[in-house]
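Engineer: Okay, structure incoming, though there's no sequence with it:
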């Protein structure tokens, strides 16, 4: 099993040195607030530690816990200031702790809080990915590839609701990418970027192929679109190359064209 990825935000050498000393984890250190959101989305973070001495800690805690793309990632706030710890809890922190206890309980905190894939769920996902794509999802993908991004949402959401097990996240990921396409067509930059960011948490857990869908290709296509959106910014949306709105690749694609 891959080591847990820990992201910690601090400018203090003592904080950074302590966490880096735990080499059994994949540690990511950041000291610039503007980099946090992308790191949480892209780096498959299992647990976040925020140093209460970091000047913008309130903004970081609120941002991480209010975004649908990152709010499921556990967050631990470290400070000896009891007032700051209480405020961090009200902002959404999952755990607040003093510096001494942070040192003493670090490994226990990681074991108890870190978000890691459940082996049983991953085994079930592997089995479900070998199953045929349900008829309702087939119709949703056909609508997606026709450019009917509004109706694909309704079909795939219905499939998501009626499906049990982790494969349901396949349908959720696709419909969110489709909604991002829809928002781009409407000129809604913020809505498109938000949906692409939300889809990452589901896409990164899926295998390269699932129910005959080329998930790896969808991942690469949606990540490339998100990167280009961020490069252009809100004012550049009109210049976005619409060829980046790629279709879903799956076994029945060619049959659908005939």
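Structural biologist: Perfect, thanks for sending it. Keep in mind the model is a prediction, meaning the values are calculated, not measured. Residues are numbered from 1 along each chain as shown.
Engineer: any low-confidence regions in this structure?
Structural biologist: 1, 252-258 (pLDDT under 70).
Engineer: And the strands in it?
Structural biologist: 5-9, 26-30, 47-51, 75-78, 95-97, 209-210, 213-214 (DSSP state E).
Engineer: Tabulate these (TSV), appending distance to residue 225.
Structural biologist: (Glycine included, C-beta is placed from N, CA and C.) Formatted as TSV, these follow (distance: least, C-beta to C-beta, whole Å):
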stretch	distance to residue 225
strand 5-9	24
strand 26-30	24
strand 47-51	26
strand 75-78	28
strand 95-97	35
strand 209-210	20
strand 213-214	16
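Engineer: could I get these as a markdown table with distance to residue 176 and mean neighbour count?
Structural biologist: Listed next are those as a markdown table, based on distance: least, C-beta to C-beta, whole Å; neighbours: other C-beta atoms under 10 Å:
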| stretch | distance to residue 176 | mean neighbour count |
| --- | --- | --- |
| strand 5-9 | 23 | 23 |
| strand 26-30 | 25 | 17 |
| strand 47-51 | 23 | 26 |
| strand 75-78 | 23 | 26 |
| strand 95-97 | 29 | 21 |
| strand 209-210 | 15 | 20 |
| strand 213-214 | 14 | 21 |
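Engineer: how about the helices of the stretch 51-200 of the chain, start to end?
Structural biologist: Taking DSSP state H, counting those that start in this stretch as the criterion, the stretch 51-200 of the chain contains helices spanning 57-66, 82-91, 99-113, 119-129, 135-145, 149-162, 168-185, 189-203.
Engineer: got the contact list for the nearest residue to residue 229 once chain neighbours are set aside?
Structural biologist: Excluding the flanking residues, the one nearest residue 229 by C-beta to C-beta, 6 or more residues apart in numbering is residue 193, at 5.4 Å. Contacts for residue 193 (C-beta atoms under 8 Å, 6 or more residues apart in numbering) come out as 180, 226, 229, 230.
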